[in-house]
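1. Build me a model from this:
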Amino acid sequence: VVKLESGEAAKPMPTPWNNLNRVLKGGIAPGELAILAARPGVGKTALAGCFGIETARAGHPVMFVSREVKDETVAARIMSREAKIDSRIFREGIQIAPDLMPKIRKAQSLLDSAPIEIIERSIAPMTPREVRRLAKARGYLGLIVIDYLQLMEPDTRSNSREREVAEMSRAFKQLALDCNCPVLLLSQMSRKAEEENREPRLSDLRESGAIEQDADIVIFLHTPRQSLESSTPEVKVKVAKGRSSGAGSCWMRFEKLFSNFYEIPAPPEPTKPQRGKDNGL
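-> Predicted coordinates for the structure are as follows:
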């Protein structure tokens with residue numbers, strides 16, 4: 001009752017980006033399921049990593065479940081962002097750049113004290129029931145990140161993959177409620193938005209029906225086609241659904257080499273040709 005009266009029970013967990021927090025009316029609240037969706041290469045894992053490490057840095061324990069890449073890869077990306085060094089160094093071998101070791105050690109010392117745990121199960125099945133068991137065993141959590149939905153195994157097998165995804169999305173919504181913390185669930189998108197060269201819509205979520213229904217928040221990352229090959233593309237962060245916040249958007253720049261996102265002003269809208277004597281009308 002005291003928490004309800006003070007407002008603490010529903011206080012949102014802020015993201016690291018002020019403009020996104022304004023769109024979300026403060027952040028992602030305990031018990032909410034937030035979907036983060038994008039096409040491959042646009043940076044959904046990197047953005048989730050930024051959110052996770054900054055939440056941990058603020059003193060809130062984070063559990064990051066990675067099904068797409070190994071835990072060492074996630075850690076290397078976080079280290080790259082923290083030390084501001086090219087993430088390819090970790091893949092090619094740190095020994096090729098020994099002068100970077102002081103920066104890496106400094107970043108490591110900062111990260112060692114942050115309460116973030118990366119869980120990677122590349123062999124054993126990872127189901128919603130197993131994620132819930134791991135989360136409950138850790139007690140209080142400020143944030144749970146799951147990367148990503150379509151690589152998870154269902155608790156109960158079905159002949160319909162769409163039904164399996166529906167059951168998993170409901171299970172992760174229940175996980176958010178049971179653990180009383182935000183769950184950030186990454187998800188794939190269909191190719192339709194990319195093929196039609198447009199911004200993503202809720203219907204573009206892969207196996208979208210149940211995901212859209214269960215989610216409290218749906219966030220899309222969208223990069224204009226002309227920016228896809230850039231090492232620092234502009235990314236539109238589009239909140240397509242927000243039960244408490246409503247919809248909205250902001251812009252960020254994705255530093256691919258550092259696995260980092262930072263806010264930028266919205267780019268100017270393309271100018272439309274004016275009707276009049278200058279264009280012969």
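
2. quick one: the helices in the stretch 51-200 of the chain?
-> Counting by DSSP state H, counting those that start in this stretch, one finds helices in the stretch 51-200 of the chain at the ranges 71-83, 88-92, 101-112, 128-137, 161-179, 192-195.

3. Tell me which of those lies nearest to F64.
-> Closest approach to F64 among the helices of the stretch 51-200 of the chain is made by helix 71-83 (6.5 Å; CB to CB). C-beta: built from backbone N, CA, C; applies to glycine.

4. what's the closest one packed up against?
-> Applying 3 or more CB pairs under 8 Å, 6 or more residues apart in numbering; DSSP states H and E, we find helix 71-83 packed against helix 44-57, strand 62-66, helix 88-92, helix 101-112, strand 116-120.

5. Tell me who's in contact with R243.
-> By CB atoms under 8 Å, 6 or more residues apart in numbering, the contact list for R243 reads E32, D216, I217.

6. So what does the first one have for phi and psi?
-> By that I understand E32. Here is the backbone geometry of E32 (degrees, to the nearest 10): phi -90, psi 140.

7. Also the second one?
-> Dihedral angles phi and psi of D216 (degrees, to the nearest 10) take the values phi -80, psi -30.

8. Quickly note the distance from the closest residue to it other than its chain neighbours to S244.
-> Take D216 and drop its neighbours on the chain: the residue closest to it by CB to CB, 6 or more residues apart in numbering is E32, 4.1 Å away. Shown here: E32 relative to S244, a distance of 8 Å by CB to CB, to the nearest Å.

9. Can you list the low-confidence ranges for this structure?
-> 1-10, 69-72, 87-98, 121-124, 206-208, 270-281 (pLDDT under 70).

10. got a list of what the spatially most central residue of the chain touches?
-> Centroid-nearest residue in the chain: A48, 3.4 Å away (criterion: CA atoms, centre = their mean). Neighbouring residues of A48 by CB under 8 Å, 6+ apart: L36, F64, V145, D147, L184, L186.

11. 10 Å instead?
-> L36, F64, S66, V74, L143, V145, I146, D147, Y148, L184, L185, L186 (CB atoms under 10 Å, 6 or more residues apart in numbering).

12. List of residues touching the helix or strand hosting N19?
-> Taking DSSP states H and E as the definition, one finds N19 inside helix 18-23. Helix 18-23 is contacted by residues 12-15, 17, 27-28, 47, 51, 217, 219, 237-239, 242, 245-252, 261, 263-266 when judged by CB under 10 Å, 6+ apart.

13. Mind checking which of those residues are buried?
-> 12-15, 17, 27-28, 47, 51, 217, 219, 237-239, 242, 245, 248-252, 261 (16 or more other CB atoms under 10 Å).

14. So which of these sit within strands?
-> Counting by DSSP state E, the part of those found in strands is I217, I219, V237, K238, V239, G242, G248, S249, C250, W251, M252, F261.

15. Return the residues in contact with the third one.
-> For V237, the contacting residues are 15, 17, 19-20, 23, 36, 38, 47, 219-222, 248-252, 261, 263, taking CB under 10 Å, 6+ apart as the criterion.

16. ok, now the fourth one?
-> Each residue near K238 by CB under 10 Å, 6+ apart is listed here: 23, 37, 199-201, 218-222, 247-251.

17. so it bridges to which residues?
-> K238 has the following beta-bridge partners by DSSP bridges: F220, S249.

18. Quick check: it vs L151, distance?
-> Applying CB to CB, the value for K238 to L151 is 23 Å.

19. in which helix or strand would I find the residue nearest to A166 when sequence neighbours are not counted?
-> Of all residues not flanking A166 in the chain, A210 sits nearest, at 3.3 Å (CB to CB, 6+ apart). Element membership of A210, judged by DSSP H and E, is helix 208-214.

20. what helices or strands is that helix leaning on?
-> When contacts are defined as 3 or more CB pairs under 10 Å, 6 or more residues apart in numbering; DSSP states H and E, helix 208-214 packs onto strand 33-37, helix 161-179, strand 183-187, strand 217-222.

21. want to try JSON lines for those, with distance to A114 as columns?
-> JSON lines is the format used below for those (distance: least, CB to CB, whole Å):
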{"stretch": "strand 33-37", "distance to A114": "21"}
{"stretch": "helix 161-179", "distance to A114": "19"}
{"stretch": "strand 183-187", "distance to A114": "17"}
{"stretch": "strand 217-222", "distance to A114": "23"}
